[in-house]
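Visitor: When you get a sec, could you give me coordinates for this:
(one chain, ligands or ions: 1)
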Amino acid sequence: MSTGTISARHYQTRQPVQVSWSDGRITAIAPATSVPSGDTWIAPGLIELQVNGYGNVGYYYDITAEDLESSIRRLRRDGCSRILLTLTTDHWSALTTKLKRLRAMRDRSPELRAGIAGWHIEGPFMSNVPGYVGAHDPEKMVDPTPAHIRELREITGSDPVLLTVAPERAGVVEATRLATSLGIRVSMGHTNASKEVIAAAVQAGLCAYTHYGNGIPQAIDRHDNILWRVAQEPGVTIGVIPDGVHVSADFFRIIHRIFDPKRLYYTTDAVHPAGMRPGRFQFGDIEMEVGEDQVVRKPGATNLSGSALRPLEGVFRAAEMLQCPWQDAWVRFSQQPADFMGMGPLLSVGTQADFCIVDQAASTVTTYAGGELRSTLPAAARMRSAGIAESAKA
Ligand SMILES: [Zn+2]
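Guide: Numbering: from 1, shown residues only. So this is what the prediction gives:
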């Protein structure tokens, strides 16, 4: 049984708090009577809305329950407590078969129930145009029908579901309206929709953009392109990969000026070698190479095939690029994506005891999941430059 109490400064209020937990759930949060020794902070476990694989397990394959559990266990050890397991473009029947299988696995395992909050379905209702299609198979892209959407909701019950679509496909506006009415969050991505079509989709309930700055060609029209069109659509939540490579550091900073930072969330779009050291990884018939930059490429290729970024590293890279306290970046990788998906307040009484203790003096991050101590990892060297001085005086 996991029971405990810990005192630390709350990452958002900056005030000392005492957090108690029992049986894997938080039972009390109260102001701490004494200031914790050292420079110790408590923050919720990270929430990741786009994970295709982790720990050399790719969810795109027919994996075993043991594979999935080892992958989710590793994520939860690495500071990311809950994910939307992401399935990408496939024939609809293959995709739904996989989804049903994974959901049944999830339901049988307490660790998977704790770690897999829901599902992100990225495709097959997206653009098949070169550049916009990205690494997806253009042959498998199709137009959505109401039957697709109803089936998706039937399979997933009341789980949080994020569906990424290209609004220019026939049927997407109607599908968005139906999906939204069924509680599915609809996001655009891998799209080159016009301003008018985007506006119609937003009117129907579309509310986000998946990995802004990616899923588009290298060269785009300077006067009229999908980035500008989306930037003019107020109210849309923006996902962005904070590795400094999928989106350059300059562009990353600009995104934070164009959009309300309260409507941004960070994501890694991680594929199976994520959480591993740089090197080559074979999984099924896919070989991938991870560079020192934690970017994944097919061996010899220059285009990006996803990231091997650990979510925790993403927080500190974001803070470094923005020159802001890491706490400000942390909220965009935890509470903001949770709010966007309707997953409720994190680090509050009754929720899973999933949190991280950031010890700034020692430069370590200690992770608890379900109230159990999972790891103490040296924070990235980047942590030292990520606004530590500023947060210490806060
Ligand atoms: Zn994508």
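
Visitor: per-residue confidence for the residue lying closest to Glu168 once chain neighbours are set aside?
Guide: Take Glu168 and drop its neighbours on the chain: the residue closest to it by C-beta to C-beta, 6 or more residues apart in numbering is Ala193, 4.3 Å away. C-beta coordinates here come from the backbone N, C-alpha and C atoms, glycine included. What the model reports for Ala193 is a pLDDT of 98.

Visitor: mind listing what Ala193 touches?
Guide: Listed by C-beta atoms under 8 Å, 6 or more residues apart in numbering, the contact set of Ala193 reads 166-168, 201, 226, 229.

Visitor: now the strands for the stretch 251-394 of the chain?
Guide: Along the stretch 251-394 of the chain, counting by DSSP state E, counting those that start in this stretch, strands occupy 264-266, 279-283, 286-290, 296-297, 355-359, 364-369, 372-378.

Visitor: The last one - which strands sit beside it in the sheet, and in what orientation?
Guide: When you say that, I think you mean strand 372-378. Within its sheet, and counting by DSSP bridges, strand 372-378 is paired with strand 364-369 (antiparallel).

Visitor: Quick one: mean pLDDT over the strand it pairs with.
Guide: The average pLDDT within strand 364-369 is 95.

Visitor: how far does that strand sit from the chain's center?
Guide: 19 Å (C-alpha atoms, centre = their mean, to the nearest Å).

Visitor: Next, the contact list for Glu69, please.
Guide: Taking C-beta under 8 Å, 6+ apart, we find Glu69 in contact with 109, 111-112.

Visitor: Weed out the non-buried ones from the residues you listed.
Guide: Burial by neighbour count, judged by 16 or more other C-beta atoms under 10 Å, picks out 109, 111-112 from the contacts of Glu69.

Visitor: what's around Ile29, how many residues?
Guide: Neighbours of Ile29 under the rule other C-beta atoms under 10 Å: 16.

Visitor: Give the other helices and strands that the helix or strand it falls within contacts.
Guide: Using DSSP states H and E, Ile29 maps to strand 25-31. Strand 25-31 sits against strand 16-22, with contacts defined as 3 or more C-beta pairs under 8 Å, 6 or more residues apart in numbering; DSSP states H and E.

Visitor: The strand it packs on relative to strand 364-369, how many degrees between them?
Guide: On the basis of axes from the mean of the first three to the mean of the last three C-alpha atoms, to 10 degrees, strand 16-22 is oriented at 40 degrees to strand 364-369.

Visitor: just checking, Val133 touches His190?
Guide: Yes: if you go by C-beta atoms under 8 Å, Val133 and His190 touch, sitting 6.2 Å apart.

Visitor: can you list residues touching both of those two?
Guide: With C-beta under 8 Å, 6+ apart, Val133 and His190 have common neighbours 126-127.

Visitor: Going by distance to Thr5, which of the contacts of Glu69 wins?
Guide: Among those, Glu111 lies closest to Thr5 (C-beta to C-beta), at 23.6 Å.

Visitor: mind listing what the closest one touches?
Guide: By C-beta under 8 Å, 6+ apart, the contact set of Glu111 is 69, 72-73, 76, 370.

Visitor: per-residue pLDDT, Asn303?
Guide: On pLDDT, Asn303 comes in at 67.

Visitor: Pull out the buried residues from the strand holding Ile29.
Guide: Those would be 26, 29, for strand 25-31 by 16+ other C-beta under 10 Å.

Visitor: Only C-alpha atoms, please: export that strand in PDB.
Guide: Presented in PDB, the C-alpha positions along strand 25-31 are these (Å, rounded to 0.1, in the frame of the first residue of the first chain):
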ATOM      1  CA  ARG A  25      -4.700   8.700  -4.300                       C
ATOM      2  CA  ILE A  26      -4.100  12.100  -2.900                       C
ATOM      3  CA  THR A  27      -6.000  12.500   0.400                       C
ATOM      4  CA  ALA A  28      -5.100  16.000   1.600                       C
ATOM      5  CA  ILE A  29      -3.300  19.100   0.400                       C
ATOM      6  CA  ALA A  30      -2.700  21.700   3.100                       C
ATOM      7  CA  PRO A  31      -0.500  24.700   3.600                       C
END
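
Visitor: On the C-terminal side of it, identify the next helix or strand.
Guide: The C-terminal neighbour of strand 25-31 among helices and strands, as given by DSSP H and E, is strand 40-44.

Visitor: Could you tell me how far that following strand lies from the centre of the chain?
Guide: 20 Å.
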